[in-house]
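> Coordinates only, no sequence provided:
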């Protein structure tokens with residue numbers, strides 16, 4: 001399919017920074033990007049929640065805007081703009097899914113991008129340890145970085161997101177750290 005005049009004008013407006021052009025671009029192609037994300041997830045048997053989709057859409061848009069919209073400027077018009085953007089979006093989504101899977105120890109078991117989604121966190125899957133002495137025993141036995149995560153979660157009652165922002169670590173590393181701490185408790189037969 002050839003490049004339509006509507007898409008040619010929209011691309012021109014975006015690349016020249018015309019007022020409202022980017023909003024029109026987002027309105028026109030957001031549905032396409034969501035479809036690409038859902039299709040990629042489906043073919044990899046992954047479940048995505050709304051924040052996952054939002055994050056992946058943001059990555060696509062960031063890629064399109066990076067280096068003064070270099071990806072958009074590289075478009076030669078040999079296909080429809082939608083076809084070109086589908087290829088770009090698919091590459092971004094696959095790259096991001098692979099990167100997240102690399103750091104996510106529970107993708108295969110839970111079929112989710114996040115190790116412990118916040119909704120599950122709020123349901124108490126990783127319930128907080130109420131006994132302060134038990135937590136203090138863990139803190140003494142853990143490496144400093146892990147101990148800080150355990151301290152903030154169990155003693156200060158912070159959420160995964162708050163800990164991630166405070167310590168500048170990926171949110172999907174917090175669950176595995178807390179899991180290792182609980183394993184230490186079980187190995188040393190300390191009750192949580």
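Looks like it arrived, so ask away. Since this is a predicted model, take the numbers as computed values, not measurements.
> Might you list the low-confidence residue ranges for this structure?
Across the chain, the stretches falling below the confidence threshold (pLDDT under 70) are 1, 101-131, 185-192.
> now the helices for it?
5-15, 21-43, 50-73, 81-103, 107-110, 118-122, 132-141, 144-150, 160-167, 174-187 (DSSP state H).
> Report the angle between the fourth one and helix 50-73.
Angle, helix 81-103 to helix 50-73, by axes from the mean of the first three to the mean of the last three C-alpha atoms, to 10 degrees: 130 degrees.
> Buried residues in helix 81-103, which are they?
Within helix 81-103, the residues scored as buried using 16 or more other C-beta atoms under 10 Å are 81, 84-86, 88-90, 92-93, 96-97, 100. Bear in mind the C-beta positions are built from the backbone N, C-alpha and C, glycine included.
> which one among these gets closest to residue 70?
Lowest distance from residue 70 to the buried residues of helix 81-103 (C-beta to C-beta) belongs to residue 88, with 11.2 Å.
> Chain neighbours aside, what residue packs nearest to the closest one?
The spatial neighbour of residue 88 that comes closest, neighbours along the chain excluded (C-beta to C-beta, 6 or more residues apart in numbering), is residue 71 at 5.9 Å.
> got it, and residue 28?
Once flanking residues are discounted, residue 28 sits nearest to residue 10: 6.6 Å by C-beta to C-beta, 6+ apart.
> what number of residues lie near that neighbour?
When counting by other C-beta atoms under 10 Å, one arrives at 20 neighbours for residue 10.
> That one and residue 36: what is the separation?
19 Å (C-beta to C-beta, to the nearest Å).
> And stretch 27-42, what's buried?
Residues of stretch 27-42 classed as buried by neighbour count (16+ other C-beta under 10 Å): 29, 32-34, 36-37, 40-41.
> out of those residues, who's nearest residue 144?
The nearest member of the buried residues of stretch 27-42 to residue 144, counting by C-beta to C-beta, is residue 41 at 36.4 Å.
> didn't that closest one look like it was pressed against residue 97?
Yes. Using C-beta atoms under 8 Å, residue 41 makes contact with residue 97 at a distance of 7.5 Å.
> Run a quick neighbour tally on residue 78.
Using other C-beta under 10 Å, residue 78 has 9 neighbouring residues.
> hmm, back to that, got any residues that touch both of residue 41 and residue 97?
When C-beta atoms under 8 Å, 6 or more residues apart in numbering defines a contact, no residue borders residue 41 and residue 97 alike.
> Please parse this structure into its domains.
Domain assignment for the chain by automatic domain parsing gives 5-107, 118-187.
> Provide a list of residues in contact with the residue nearest to residue 88.
Neighbouring residues of residue 71 by C-beta under 8 Å, 6+ apart: 63-64, 88.
> Now do the contacts for residue 135.
Applying C-beta under 8 Å, 6+ apart to residue 135 gives the contacts 129, 150-151, 154-155.
> which phi and psi does residue 74 have?
Backbone torsions for residue 74, taken as degrees, to the nearest 10, come to phi -80, psi -10.
> any idea how far it lies from residue 9?
Taking C-beta to C-beta as the measure, residue 74 falls 18 Å from residue 9.
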